[in-house]
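K.L.:
any chance you could fold what I've pasted below:
(2 chains)
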Amino acid sequence: MANDLSVDSALGQAVPNCPTCCGFSDYFFSPDPIEVLVDGLEDPLIDGVNACSGVIVDITNSFTFWNSDNASIAQVTTRRVQGVGVGATTGYAEGDVQVWGGVCGCIFERVEPTVPITVASLTCTPSVVTRGGNVTCTVGAPAGSTFSGWTFTGRSVVTSSSTSASWSGQMVTSGTASVAVKLSEGGTISPSALVTVTNRSGFAFPAVSPTSESSPFSTTGCPTLSIPSPPQPNLEIGAFCALSAYSFNFATVSDGGPNQGYKYITSMSNKSGSVGTAYYYVISPDLLNSTSAFSAAQCGNYNPTTNPNGYISYSNLLSNTIRHEAGTINSHYAQYVAAQNNPTNNLGTVGEQIVGLPTDSNFASTVQNTLNPKVSTISTSAESPEPRSPNYNGSVSPCVYQGAVNYSPYAACH
Amino acid sequence: MPAKIFLVWLLASCVPLSGKSGQEVGYLDLTTAVVGQRIHEPTTGSGSGMGSGAGDSIRTRPEILQPLRISIVFLGSTKYKVDDDVVYEIKVENTGHEQLMIPWDPNLSHIEPEGTATEYSYRIASIALRLSHAGKRFETLAPNLLFGTAGVPSSFIKIAPGEWVRVRAKARLSTPQSPQPDDSQESERSVSARVVWTISNAHVSRKPDGYHEDVTTEGPESISVNAETFELVSPAQSN
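P.N.:
Numbers count the residues shown, from 1 in each chain, chains lettered A, B, ... in the order given. Model prediction:
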């Protein structure tokens, strides 16, 4: 606006010229209408149309008071709309903007542009579900809205042609459900909701207790455990087999819901057919027989100072051998327990979490391909490293050497 | 012996060596194979497996059902990053004394009965890369599967003693448990890869609510006699 002074030649008085002002011919929210989700935010502007040029300019700063007709649906504050509850309301703002004032120049005029606000939501209940449980996702939108494009986005995308306001089904994997909502006022909004699937409890396989067997011992899945009689150097006087078995049942989600086509394990067992998970060990029959020549040769004359090359006692060798194979520490059994109780190896824990994609048409093989390496890890962990030999008391820390084993032909004890 | 006669005798005596035994009898490239959708996808099923670790005074090991010698012929690259396809080629050799038949069709739909089926059976050969780092296994990549059924003889390949086949395959290196390159220490991690070969038997039966499949692993898995290594690199480094 210009506001120069000039001299009126007729009157000889100084009077103001008419200011050069265009003002705004229109003003409105942008965007208009506003669609927002419950708890969602929209940051609208207010634009004005220059009455002379028709150019649209941002005049948001001219508006100092913002509100909505229904704060329980949408809360409107300066430059911000927040969805509160499902429904439709009107937002507005008040401000003083320049408008053409008539005969001479612009005037400031208080104006109040309005904007329709629609608030929608998508709620999945429950939002956190245990694998295999059911979830229902429901759209909240004003009456007259229509729904399409139900989509679940997780490890793969599942779609539905349903036009219902809700989508429900069994859930086995986490992801986000979404739907396109066409509002009666013409706009479209796509609310989404996260569904988190948690693991089921009770699937972990417990470590089995060690089972003492008589040498030679053979069973399906294990090599023959056999101790030579009498025991020989370089062949230990005990043996073990950590046998890990599993079986499972699986199902495909077939309810047309968000996880349609996904596969998951419904139950697991630590048996494979008639073969069950087991930890077997055998001890030399000669060692178990306290009256055998081998046992008698373990005379216990070892002394770290006076006879460091002496022999271990029979009782110590027997307890140390049992400890080596099946004790709770410093043993193959302890190594088996540690490996199989590790959640990353535990067949039940791992199996519970295996979920097959809808495109996986050989899910049983997928499961086996995942679990077999875990079986292998448990097996090799039981085998190595080699625990303290039966020459040591491994029940104390540090382990204590208790003498050599006297093998046949037996040396005389002094 | 005159030189010419000796040469003829030498050639004649060498013929058996280059004859039936000790030769390649098949090659499959699974990296370019188009695998179709199976016909009767099961809605329910079951599976099982087992294995054992044993030690100390062991006299005999469990019988190996298939005397196969698996070896990795080559790995496609010396560097991979997560989400790459690891390309590899293996050699499967019959080290036993009898002819073996192994599944040889990557398309399960080729051996499934068409139309409604009451029940059918087939065998699965699973080929998978098992990765380890610093001596610790951390992942087995998605397997490549070969199928065979008695009703479709061409779905098996016969391997006589001393003969072998080669299979080229690939697997996506998408491993949440992968050892990540540590930027502050080193940008590469050496990963050792071995191939695991497993044979399973599958039986499919029709139930009121769809097809049901039972899969049982047959015998212990065979692990390649050699390992190949590659560097697991960060995405930026591989560019």
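
K.L.:
next, give phi and psi for residue A:317.
P.N.:
phi -60, psi -40 (degrees, to the nearest 10).

K.L.:
residues touching the nearest residue to it once chain neighbours are set aside, list them.
P.N.:
Nearest in space to residue A:317, with sequence neighbours left out and distances taken as Cβ to Cβ, 6 or more residues apart in numbering or on different chains, is residue A:298 at 5.0 Å. For glycine as for every other residue, the C-beta is placed from the backbone atoms N, C-alpha and C. Residue A:298 is in contact with A:311-314, A:316-317, A:405-406, counting by Cβ atoms under 8 Å, 6 or more residues apart in numbering or on different chains.

K.L.:
which one of those is nearest residue B:134?
P.N.:
residue A:405 (35.2 Å; Cβ to Cβ).

K.L.:
ok, that closest one - contacts?
P.N.:
With Cβ under 8 Å, 6+ apart, residue A:405 has these contacts: A:231, A:233, A:237, A:298, A:311-312, A:317, A:390-391.

K.L.:
mind redoing it with 7 Å?
P.N.:
A:298, A:312, A:317, A:391 (Cβ atoms under 7 Å, 6 or more residues apart in numbering or on different chains).

K.L.:
please apply the same query to residue B:161.
P.N.:
B:21, B:94, B:96-98.

K.L.:
ok and the residue in chain B nearest chain A?
P.N.:
residue B:53 (3.0 Å; Cβ to the nearest Cβ).

K.L.:
pretty sure that residue sits against residue A:376.
P.N.:
No: taking contacts as Cβ atoms under 7 Å, residue B:53 lies outside contact range of residue A:376: 8.4 Å.

K.L.:
between those two, tell me which one has more neighbours.
P.N.:
residue B:53 (25 against 22; other Cβ atoms under 10 Å in any protein chain shown).

K.L.:
quick one: the helices in the stretch 201-350 of chain A?
P.N.:
Assigned by DSSP state H, counting those that start in this stretch, the helices in the stretch 201-350 of chain A fall at A:285-288, A:293-297, A:314-326, A:332-341, A:347-352.

K.L.:
can you give me the buried ones in the third one?
P.N.:
When neighbours are counted by 16 or more other Cβ atoms under 10 Å in any protein chain shown, the buried residues of helix A:314-326 are found to be A:314, A:316-326.

K.L.:
quick check, nearest of those residues to chain B?
P.N.:
Of the buried residues of helix A:314-326, the one sitting nearest to chain B (Cβ to the nearest Cβ) turns out to be residue A:325, at 7.0 Å.

K.L.:
helix/strand/coil for residue B:31?
P.N.:
coil (DSSP: H, G, I helix; E, B strand; the rest coil).

K.L.:
the nearest residue to it once chain neighbours are set aside - how many residues pack around it?
P.N.:
Spatial nearest neighbour of residue B:31, chain neighbours left out: residue B:170 (4.7 Å); criterion: Cβ to Cβ, 6+ apart. Applying other Cβ under 10 Å, we find 20 residues neighbouring residue B:170.

K.L.:
need the helices of the stretch 201-350 of chain A in TSV with distance to residue B:87 and mean pLDDT, can you?
P.N.:
Output for the helices of the stretch 201-350 of chain A, formatted as TSV (distance: least, Cβ to Cβ, whole Å; pLDDT from 0 to 100):
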stretch	distance to residue B:87	mean pLDDT
helix A:285-288	54	97
helix A:293-297	57	96
helix A:314-326	44	96
helix A:332-341	32	97
helix A:347-352	27	97
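
K.L.:
Throw those into a markdown table and include distance to residue B:115, thanks.
P.N.:
Formatted as a markdown table, the helices of the stretch 201-350 of chain A follow (distance: least, Cβ to Cβ, whole Å):
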| stretch | distance to residue B:115 |
| --- | --- |
| helix A:285-288 | 62 |
| helix A:293-297 | 69 |
| helix A:314-326 | 56 |
| helix A:332-341 | 45 |
| helix A:347-352 | 34 |
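
K.L.:
right, and these - which one's nearest residue A:90?
P.N.:
helix A:347-352 (51.6 Å).

K.L.:
from the middle of its chain, how far away would the following helix or strand past the closest one be?
P.N.:
Proceeding N to C from helix A:347-352, the next assigned helix or strand is strand A:355-356, under DSSP states H and E. Here the centre of strand A:355-356 is set off from its chain's centre by 14 Å, with Cα atoms, centre = their mean, to the nearest Å.

K.L.:
I'd like the next helix or strand past strand A:355-356.
P.N.:
helix A:363-383.

K.L.:
and that following helix, how far out from the chain's middle?
P.N.:
Using Cα atoms, centre = their mean, the offset of helix A:363-383 from its chain centre is 22 Å.

K.L.:
could you give the angle of it to helix A:332-341?
P.N.:
150 degrees (axes from the mean of the first three to the mean of the last three Cα atoms, to 10 degrees).

K.L.:
quick one: name the residues of chain B near chain A.
P.N.:
B:37-38, B:41, B:43-62, B:124, B:126, B:128, B:130, B:137, B:140, B:143, B:145, B:198, B:200, B:213, B:215, B:217, B:221 (Cβ under 7 Å from any Cβ of the partner chain).

K.L.:
residue ranges in chain B under the pLDDT threshold?
P.N.:
B:1-21, B:56-66, B:175-188, B:236-239 (pLDDT under 70).

K.L.:
can we see that at 50?
P.N.:
Scanning chain B for pLDDT under 50 picks out B:1-20, B:59-64, B:178, B:181-185, B:238-239.

K.L.:
longest single strand anywhere in it?
P.N.:
strand B:188-207 (DSSP state E).

K.L.:
which among the contacts of residue B:161 end up buried?
P.N.:
Looks like those have B:94, B:96 buried, using 16+ other Cβ under 10 Å.

K.L.:
how close does the spatially closest residue to residue A:334 that is not a sequence neighbour get to chain B?
P.N.:
For residue A:334, ignoring the flanking residues on the chain, the nearest one in space by Cβ to Cβ, 6+ apart is residue A:328 at 5.8 Å. Distance, residue A:328 to chain B, by Cβ to the nearest Cβ, to the nearest Å: 18 Å.

K.L.:
what number of residues lie near residue A:328?
P.N.:
Neighbours around residue A:328, by other Cβ under 10 Å: 11.

K.L.:
then stretch B:71-90 to CSV, C-alphas only?
P.N.:
Output of stretch B:71-90 as CSV, limited to C-alpha atoms (Å, rounded to 0.1, in the frame of the first residue of the first chain):
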residue,chain,number,x,y,z
SER,B,71,32.4,-81.2,-2.1
ILE,B,72,32.1,-77.5,-3.0
VAL,B,73,33.5,-77.0,-6.5
PHE,B,74,33.4,-73.2,-6.4
LEU,B,75,31.9,-70.2,-4.7
GLY,B,76,30.7,-67.4,-7.0
SER,B,77,32.6,-64.6,-5.3
THR,B,78,35.1,-63.9,-2.6
LYS,B,79,33.0,-61.1,-1.2
TYR,B,80,29.3,-61.0,-0.3
LYS,B,81,27.1,-58.6,1.6
VAL,B,82,23.8,-59.3,3.3
ASP,B,83,21.0,-59.8,0.8
ASP,B,84,23.4,-61.0,-1.9
ASP,B,85,22.7,-64.3,-3.6
VAL,B,86,25.6,-66.6,-2.8
VAL,B,87,26.2,-68.8,-5.9
TYR,B,88,27.9,-72.1,-5.4
GLU,B,89,28.5,-75.3,-7.2
ILE,B,90,28.8,-78.7,-5.6
